[in-house]
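**Q** Sequence and predicted structure are below.
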Amino acid sequence: MRRKFIFLLVLLFGVTAGFAQSSEKSLKEALDLLTKEKKTRFIFERAVVDGLRVKYNWSEVKDKKAQDVLNDLLSQVGLFSLPVGNNYYAIRKQKNPAENKSINPDVQATAVKDTVIAPHGLSYVVVSGVVKEKNTGKPVEGATLQVSPYGLYAVTDRNGSFTIKDVPVSRVRLSVSGLSMVPEERELNLEKPNDRIQSFELSTNALGLKEVLVVAKENKNGSTSSLISRSAIEHLQAVSLADILQLLPGGVAANPNLNDVNRASIRQIAPNNMGSLGTAVMLNGSPMSNNANLQVSNTSTGGAGATFSTSSGGGVDLRQFSADNIESVEVIRGVPSAEYGDLTSGAIIIKTKAGPEPFTIKARINPRITQVNGSKGFSLGEKAGALHADFDYTRSFNDQRFEYQGYHRVTGGLLYTKKFGKSQPFTTNTGFSYSMNLDEQKLDPDDKRTQRVTKAQDYNYRFNSYGKWDLGKKFARQLQYNIMVNYAEQKSFQQELYSGAIYPMSYAMENTTMEGMFVPSEYLAQLSVDGKPLNVFAKLTNTFFHRGSWLNHKVLMGAEWKTDANFGEGKTYDLTRPPRMQSGNGSRPRSYKDIPALNQLSFYAEDMMLANVFGKRMSLQAGLRFDNIQPTGIWTTKKNTVATPRFNWSYEIMKNFSLRAGWGIAAKAPTLLYYYPQNA
């Protein structure tokens, strides 16, 4: 009898326990339990789950997949789920078959058309669609789509499909661009479900279109900037980056000139050292630094003091950038974002071609310039990525009658593109490029008086890697990185026959008293300058956004490191046959290896705030940048530290008409030429 009683108790306890495990709960409570057990996240409309109750045997949860448990729960109440990330699901109502017929079947599988609400109350949607060629209807692989101003992006797959997840419900601009195609931009109101599914048809023959934008396009958010597209560059038939800048508002049209150093002049008519030095040139996110350029005859006086061609002491020479490999150029003329530093006169942001592209070859011949350019983008397969190759040869003579004075340019590069993962995609672009720039004046057979010869040879080897990692976290939506190593060999030479001036000189290398000498009344002076600048750059940026009740935020923060050094032999010449003294100042040979490297450590943070005020769009970009020059620690320095706040405000009065205002501070570190002048 006692055994039967114990058996009944055990049986009763088991039945009660089983009933407890299979007890009825609200769907919200069931989802919370599933989140704790499986580390899942859900987005849904509150009205969809309110009042619904489900039953489940929770003792079986550990042995099942989260997707299976979720399907069992939702099937009881007529709901279903769509995966929108890693362990991240959107919960929706079942649709009628008639409703699905209006949706593009290529997009239906990935589109989440209804607004979904995360547990913290923020509204997000998924924007998806396809990109095809206009004439052929073929899907466009590798096209880039960006949601402004949040910085969200996606890259189309082999079917031309794209999906951009967790986009805040607001008015946004969706732009799409592909190699050798005309970019397109649309303004979307994501409160409307129809705007969340988009289909693009891009045109390929830019110059054959009836209407093509052939001038710079103004940015509508943030700093005052202009975007120059590929179609505008093709229409201009630009040879170098200097020609592209003619498309800016107020730009002066001129014939290409490759026989003189081309410097940037964004807010002035004629370029000079001060303005061009303060203009940052960013190639695929990394700066083209001129801080270690020491190709001058005398670093103890102002100016280059040389007869050979050089951009030392000013901005980079824009001739070295072939326009045929440039996909787009953004020129910031106003107050730049806090992300960009080491500048005072704006920035030029260059993006080169990447990804699959048909083979193209171009040739240009005119009385002054001969150019041949070829490029091809190879698709290595869906899993292997893509490889883009380009080559350019350009020769220029200022005057065809004098072929002893000319400029030669050879550039080439390889850029590999690869996308890893689907739930948290990581896209990287890694490449190597080479360029040779030769600017020389050979000996004129008729020049017996001065026998002038000048050469400026520049060989650049550049490694660059940049990419994005879409983490999808609350405070780490997207990570961007840039790594660049640029090494150059610069060889300059000048020769001139001096006569008619006899002056005393000394070849002492330190302060002393010694017997001097006089230079001959006529002698041939030869000066060689050997420079080997090395530029290293690393940058990491974190971007995330937050949607409030009426104010949206796009926040970015990051850090960067720059090193500029020169390991060249410097100036060499015969001490008894020196170059001509300048302003009574003598100079001596100098090795550039003895000059310390220039290091810069920077931190920045910025908030782009957007809101609708009286039914119109208003944006406020507020940022702060901190630069430490020659740092001994994060906050300590040998030379200087500077904090630079920056603000940009705009308000849309009506379509295509906005009020703008900006205020900010920018700072530029002196180059090695100015930081460490030679004793005279």
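**A** Received it, and whenever you're ready, just let me know what you need.

**Q** C-alpha only now, for contacts and for neighbours.
**A** OK.

**Q** beta partners of the spatially closest residue to Phe432 that is not a sequence neighbour?
**A** Spatially, and ignoring its direct neighbours in sequence, Phe432 is nearest to Phe463 (4.7 Å; C-alpha to C-alpha, 6 or more residues apart in numbering). For Phe463, the beta-bridge partners are Phe432, Val485 (DSSP bridges).

**Q** Assess the claim that Phe463 and Gly431 are in contact.
**A** Yes - at 6.0 Å, Phe463 counts as touching Gly431 under the criterion of C-alpha atoms under 8 Å.

**Q** thinking again about what came up before, what number of residues lie near the residue nearest to Phe432?
**A** Neighbour count for Phe463, taken as other C-alpha atoms under 10 Å: 18.

**Q** what does Tyr461 give?
**A** Neighbours of Tyr461 under the rule other C-alpha under 10 Å: 16.

**Q** same deal with Val372?
**A** Other residues lying near Val372 total 16 when counted by other C-alpha under 10 Å.

**Q** Tell me who's in contact with Glu606.
**A** By C-alpha atoms under 8 Å, 6 or more residues apart in numbering, the contact set of Glu606 is 337-339, 555-557, 621-624.

**Q** For those, work out which two are farthest apart.
**A** The span of these, defined through C-alpha to C-alpha, is set by Met557 and Gln621 at 13.2 Å.

**Q** residues contacting the residue nearest to Phe432?
**A** Neighbour list for Phe463: 430-433, 484-486 [criterion: C-alpha under 8 Å, 6+ apart].

**Q** Can you tell me which of those residues has the most neighbours?
**A** Most surrounded of the contacts of Phe463: other C-alpha under 10 Å gives Met484, at 24 neighbours.

**Q** Phi, psi for the residue nearest to Pro504 when sequence neighbours are not counted please.
**A** Among residues not flanking Pro504 along the chain, Phe518 sits closest, at 4.3 Å (C-alpha to C-alpha, 6+ apart). Per-residue torsions, Phe518: phi -110, psi 140 (degrees, to the nearest 10).

**Q** how close does Phe518 get to Ala30?
**A** Distance, Phe518 to Ala30, by C-alpha to C-alpha, to the nearest Å: 98 Å.

**Q** Compare neighbour counts for those two and give me the winner.
**A** Neighbours were counted for Phe518 and for Ala30 using other C-alpha under 10 Å; Ala30 has more, 18 against 11.

**Q** tell me the contacts of the more buried one?
**A** Contacts of Ala30 (C-alpha under 8 Å, 6+ apart): Val54.

**Q** quick one, phi/psi of it?
**A** Per degrees, to the nearest 10, the backbone of Ala30 is at phi -60, psi -40.

**Q** could we number from 15 for the rest of this?
**A** Will do, 15 is the new start, and the previous item becomes Ala44.

**Q** Check the gap between it and Ala80 for me.
**A** Separation of Ala44 from Ala80 (C-alpha to C-alpha): 12 Å.

**Q** ok, back up a step: put together CSV for the contacts of Phe477, with pLDDT and distance to Ser393 on each row.
**A** CSV is the format used below for the contacts of Phe477 (pLDDT from 0 to 100; distance: C-alpha to C-alpha, whole Å):
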residue, pLDDT, distance to Ser393
Thr444, 95, 15
Gly445, 94, 15
Phe446, 96, 18
Ser447, 95, 19
Met498, 97, 25
Val499, 97, 26
Asn500, 97, 27
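
**Q** Can you tell me the closest non-neighbouring residue to Val91?
**A** Leu66 (6.9 Å).

**Q** Do a quick rundown of the helices in the protein.
**A** 16-35, 41-52, 60-63, 80-89, 111-114, 119-122, 244-250, 255-258, 287-291, 686-689 (DSSP state H).

**Q** and stretch 578-585, average pLDDT?
**A** Mean per-residue pLDDT for stretch 578-585: 94.

**Q** What is the end-to-end distance of it?
**A** With C-alpha to C-alpha as the measure, the ends of stretch 578-585 fall 19 Å from one another.

**Q** One more: stretch 260-270?
**A** Distance between the two ends of stretch 260-270: 11 Å, counting by C-alpha to C-alpha.

**Q** Please identify the buried residues of it?
**A** Buried positions in stretch 260-270, judged by neighbour count with 16 or more other C-alpha atoms under 10 Å: 260-262, 265, 270.

**Q** Distance to Tyr407 and pLDDT added to the residues you listed, as CSV?
**A** Shown next, in CSV, are the buried residues of stretch 260-270 (distance: C-alpha to C-alpha, whole Å; pLDDT from 0 to 100):
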residue, distance to Tyr407, pLDDT
Gln260, 22, 84
Leu261, 24, 83
Leu262, 26, 82
Gly265, 27, 71
Pro270, 15, 79
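
**Q** can you name the two of these that are farthest apart?
**A** Leu262 and Pro270 (15.9 Å).

**Q** Hmm, Pro153 is touching Gly143, no?
**A** No - contact between Pro153 and Gly143 fails when scored by C-alpha under 8 Å: they sit 11.3 Å apart.

**Q** Distance from stretch 548-560 to the middle of the chain?
**A** Between the centre of stretch 548-560 and the centre of its chain there are 10 Å (C-alpha atoms, centre = their mean, to the nearest Å).

**Q** Select from the contacts of Glu620 every entry located in strands.
**A** The strands, defined by DSSP state E, take in 569-571, 635-638 from these.

**Q** ok, those vs Ala320, which is closest?
**A** Nearest to Ala320 among the ones in strands among the contacts of Glu620, with distances taken as C-alpha to C-alpha, is Leu638, at 39.8 Å.

**Q** Excluding residues flanking it in the chain, which one is nearest that closest one?
**A** That would be Pro659: by C-alpha to C-alpha, 6+ apart, it lies 4.3 Å from Leu638.

**Q** Leu429 too?
**A** Spatially, and ignoring its direct neighbours in sequence, Leu429 is nearest to Gly445 (4.0 Å; C-alpha to C-alpha, 6+ apart).

**Q** What score does Pro439 have for pLDDT?
**A** In the predicted model, Pro439 carries a pLDDT score of 84.

**Q** how about it, what does it touch?
**A** 433, 483-485.

**Q** likewise His567?
**A** The contact partners of His567, by C-alpha under 8 Å, 6+ apart, come to 559-561, 621-624.

**Q** circling back to that earlier point, please list the members of the contacts of Pro439 that lie in strands.
**A** The strands, defined by DSSP E, take in 433, 483-484 from the contacts of Pro439.
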